[in-house]
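# Here's my sequence, what's the structure:
(2 chains)
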Amino acid sequence: MIKHLRSAADLDAATATLILDTAAEMAALSGREVKKLPALRGRTVVNLFYEDSTRTRISFEAAAKRLSADVINFSAKGSSVSKGESLKDTALTLQAMGADAVVIRHPASGAPHRLANWVEGSVVNAGDGTHEHPTQALLDAYTMRSRLGRLDGLRVAIVGDVLHSRVARSNVLLLTTLGAQVTVVGPPTLIPLNVAAALSASTKVSYDLDSVIPDSDVVMMLRVQTERMQDSYFPSSREYSRRYGLDLRRMKQMQEHAIVMHPGPMNRGMEIAPEVADSPRSTIVEQVANGVSVRMAVLYLLLGGK
Amino acid sequence: MAQPRADAPSKIILEGSDLSRVVDRIAHQILEKTSGATGTVLLGIPTRGVPLAHRLAARIHAFEGVDVPVGSLDITLYRDDLRLQATRALGKTELPPGGIDGLRVILVDDVLFSGRSVRAALDALKDLGRPSSVQLAVLVDRGHRQLPIRADYVGKNIPTALSESVKVTLTEIDGADEVKLIGGLQ
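Numbers count the residues shown, from 1 in each chain, chains lettered A, B, ... in the order given. You can find the predicted model right below:
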């Protein structure tokens, strides 16, 4: 088993499948009376969050607690970081406290890679800058597999701000490893210039959502990062919504079995219409529930053994 | 514990129909000791305890027409040597629809050795519910207990040396029914 999970590219098909299979067993726990397993008793997991996050932090915390690990939550606000402490000094502090795993979210791409050099424990990337978010990709793959029964040969459209999306990058890498065919869709300003180099050689590109939708088993909508709205990647939110938003009319073009995904948080009415988000095709709530199972599997596989 | 080498001498203890007869006997004993196997659930410990539990249920059904619910109980996360070895893949835990609360649970495993698996199973069980009582059925008891645990139903007692190992294969998983003693000199 690997020691760190810094990138979806750390995972080969066998390891990724093992994580998904383990997550399926962990999911059975949620139906039990005592939702706790003793696997990580006496281990310490630190959640090191330099960026705001609701679902990822809570999800990691729930996962670690259900495995009986001790959890220390660290958010940059209200810590010595606001006094100017560097990532390295924070890492050394965590090291001195004996953290067995550090779950890190950081605005700088590559922060988890640096951190892995400074701490002895496992490092789990919970989102770094515009780089990667591997556990999100794992939970998305898990959700697709449990809804559609397979990943191999699945046609997945990832729609929106692919250029800045760590969710998109991790998903492309992981899904390609697991045999799915990914098409990235969005305005040309928000798609990397050289997709083969930036993502993977087998990734297709389209600028026309309507032509991709009827051929897709999965349509994954990315959040429009409103913090980038000023950067004029597209003329107006209304134009974006009309060309790349998933509304009822577009959803009707989807195949019978196809599903709609969104990593959250959603901008309802922008990239996704409320009726679509709440439709039976949407897996958005499932994705959150599956996140806990997948993160349990990751923590167990990284920390459970010798 | 050192594993015997792959080319170590081996001796077949049970095979084919002998093994079926042993399973039949355990099924009869369960019926006898539990007055007809009412209020009883069989939980197999993966991997080979699970098909054994299903076989016992099928035999009990054949003998007395009683349907005994069968489930499986994975103990990986409860093992006391979890940290001492590389990470293990998990097995399936599946309780019958009626659960285990207030019922007699019979744990089923292939080999009883140190007793540590059974302790792990008891720990796992307590997170799943509260059975009225717990019993243990094993195909082979090879001795060398490290904990105060004994089986209620034993298919075959095999005296072994610590240097030997007992290998059970079952048709459902391995293609053939066999109990083999590997290593040492018989």
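# distance of residue B:28 from chain A?
Using CB to the nearest CB, to the nearest Å, one gets 33 Å for the distance from residue B:28 to chain A. Placement of C-beta: from N, CA and C, glycine included.
# which ones are touching that residue?
residue B:63 (CB atoms under 8 Å, 6 or more residues apart in numbering or on different chains).
# Give me the three-state assignment for it.
helix (DSSP: H, G, I helix; E, B strand; the rest coil).
# That one and residue B:62: what is the separation?
Distance of residue B:28 to residue B:62, computed by CB to CB, to the nearest Å: 11 Å.
# One more: residue A:131?
Noted for residue A:131: a distance of 61 Å to residue B:62, by CB to CB.
# Those two: who's more crowded?
It is residue A:131, of residue A:131 and residue B:62, that has more neighbours when counted by other CB atoms under 10 Å in any protein chain shown, with 19 against 11.
# so the more buried one touches residue A:169, yeah?
Yes: because the distance of 6.7 Å satisfies CB atoms under 8 Å, residue A:131 is recorded as touching residue A:169.
# Tell me which residue in chain B sits closest to chain A.
residue B:87 (3.3 Å; CB to the nearest CB).
# Do I have it right that that residue meets residue A:301?
Yes: at 5.3 Å, residue B:87 counts as touching residue A:301 under the criterion of CB under 8 Å.
# Now do the shared contacts for the two.
Residues touching both residue B:87 and residue A:301 (CB under 8 Å, 6+ apart): residue A:1.
# These two: who's more crowded?
Relative neighbour count places residue A:301 above the other of residue B:87 and residue A:301, with 22 against 19, counting by other CB under 10 Å.
# avg pLDDT for stretch A:19-26?
Per-residue confidence for stretch A:19-26 averages out to 95 on the pLDDT scale.
# So what touches it?
If you take CB under 8 Å, 6+ apart as the criterion, stretch A:19-26 is touched by A:11, A:66, A:138-139, A:141-142, A:145-146, A:290, A:292-294, A:296-298, A:300-301, B:74, B:89-93.
# Quick check: buried residues in that stretch?
Taking 16 or more other CB atoms under 10 Å in any protein chain shown as the basis for neighbour counts, the residues of stretch A:19-26 that come out buried are A:19-20, A:22-26.
# which one of these is nearest chain B?
When the buried residues of stretch A:19-26 are compared for distance to chain B, the smallest value, 4.3 Å, is given by residue A:25; criterion: CB to the nearest CB.
# Using the three-state scheme, assign that closest one.
Three-state call for residue A:25 (three-state DSSP): helix.
# Might you report the residue contacts of the spatially most central residue of chain B?
In chain B, the C-alpha nearest the mean C-alpha coordinate belongs to residue B:109, at 0.8 Å (CA atoms, centre = their mean). Contacts for residue B:109 were tallied using CB under 8 Å, 6+ apart; they are B:44-45, B:48-49, B:52, B:117-118, B:121, B:136-139.
# do that again at 10 Å, thanks
By CB atoms under 10 Å, 6 or more residues apart in numbering or on different chains, the contact list for residue B:109 reads B:43-46, B:48-50, B:52-53, B:73, B:75, B:117-118, B:121, B:136-140, B:151, B:168.
# Let me know whether my guess that it is in a strand holds.
Yes: applying three-state DSSP, one finds residue B:109 inside a strand.
# Would you check how far apart it and residue B:46 are?
Residue B:109 is 9 Å from residue B:46, where distance means CB to CB.
# any residues in contact with both of these two?
Once CB under 10 Å, 6+ apart is applied, the residues that residue B:109 and residue B:46 both contact turn out to be B:73, B:75.
# how about whichever helix or strand residue A:114 is part of as CSV, C-alpha atoms only?
Taking DSSP states H and E as the criterion, the element that holds residue A:114 is helix A:111-118. Output of helix A:111-118 as CSV, limited to C-alpha atoms (Å, rounded to 0.1, in the frame of the first residue of the first chain):
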residue,chain,number,x,y,z
ALA,A,111,1.7,22.0,-0.4
PRO,A,112,1.0,18.3,0.5
HIS,A,113,4.2,17.3,-1.4
ARG,A,114,6.3,19.7,0.6
LEU,A,115,4.6,18.6,3.8
ALA,A,116,5.4,14.9,3.2
ASN,A,117,9.1,15.8,3.4
TRP,A,118,8.7,17.3,6.9
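# For the following helix or strand past that helix, list the C-alpha coordinates in CSV.
The C-terminal neighbour of helix A:111-118 among helices and strands, as given by DSSP H and E, is strand A:122-128. Included here for strand A:122-128 are C-alpha records, laid out as CSV according to Å, rounded to 0.1, in the frame of the first residue of the first chain:
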residue,chain,number,x,y,z
SER,A,122,1.0,9.8,6.1
VAL,A,123,-0.1,12.9,4.2
VAL,A,124,-3.5,13.0,2.6
ASN,A,125,-4.3,15.8,0.2
ALA,A,126,-7.7,17.3,0.9
GLY,A,127,-7.4,19.8,-1.9
ASP,A,128,-4.3,21.9,-2.9
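# hmm, strand A:122-128 in reach of chain B?
No: using CB under 10 Å from any CB of the partner chain as the criterion, no contacts between strand A:122-128 and chain B are found, and the smallest distance is 11.5 Å.
# Between residue A:131 and residue A:169, which contacts overlap?
When CB under 10 Å, 6+ apart defines a contact, the residues bordering residue A:131 and residue A:169 alike are A:7, A:109.
# Now do the closest residue to chain B within the stretch 201-306 of chain A, the pLDDT please.
Each residue of the stretch 201-306 of chain A has a distance to chain B, by CB to the nearest CB, and the smallest belongs to residue A:305, at 3.3 Å. You'll see residue A:305 listed with a pLDDT of 83.
# need the residues of chain B near chain A, please.
Taking CB under 10 Å from any CB as the criterion, the contact residues of chain B with chain A come out as B:74, B:76-95, B:99, B:101, B:120, B:123-124, B:126-130.
# out of the residues you listed, which are inside helices?
Among the residues of chain B next to chain A, DSSP state H puts B:120, B:123-124, B:126-128 in helices.
# Between all of those residues, which two are separated the most?
With distance counted by CB to CB, no two of these lie farther apart than B:120 and B:128, which are 12.9 Å apart.
# shared neighbours of these two, anything?
residue B:73.
# Mind checking which of these two has more residues around it?
Applying other CB under 10 Å to residue B:120 and residue B:128 shows that residue B:120 carries more neighbours, namely 22 against 19.
# which residues are there in the stretch 1-150 of chain A that come within reach of chain B?
Where the stretch 1-150 of chain A comes near chain B, counting by CB under 10 Å from any CB, the residues are A:1, A:18, A:21-26, A:28-29, A:31-43, A:67-68.
# Buried residues, the helix or strand that contains residue B:63. List them.
For residue B:63, the host element (DSSP H and E) is helix B:49-64. Neighbour-count burial for helix B:49-64, counted by 16+ other CB under 10 Å, picks out B:49-57, B:59-60.
# How far away from the center of its chain is the helix or strand just after that helix?
Going down the chain from helix B:49-64, the next helix or strand is strand B:70-72, by DSSP H and E. Here the centre of strand B:70-72 is set off from its chain's centre by 12 Å, with CA atoms, centre = their mean, to the nearest Å.
# which secondary structure elements does strand B:70-72 contact?
Identification of packing neighbours for strand B:70-72 by 3 or more CB pairs under 10 Å, 6 or more residues apart in numbering or on different chains; DSSP states H and E yields strand B:40-44, helix B:49-64, strand B:104-112.
# Show me where chain A has its helices.
Going by DSSP H, chain A shows helices at A:13-27, A:55-66, A:87-97, A:111-118, A:134-148, A:166-177, A:195-198, A:209-212, A:237-244, A:248-252, A:274-277, A:284-303.
# comparing those helices, which gets the lowest mean pLDDT score?
Ranked on mean pLDDT, the bottom entry among those is helix A:195-198, at a mean of 81.
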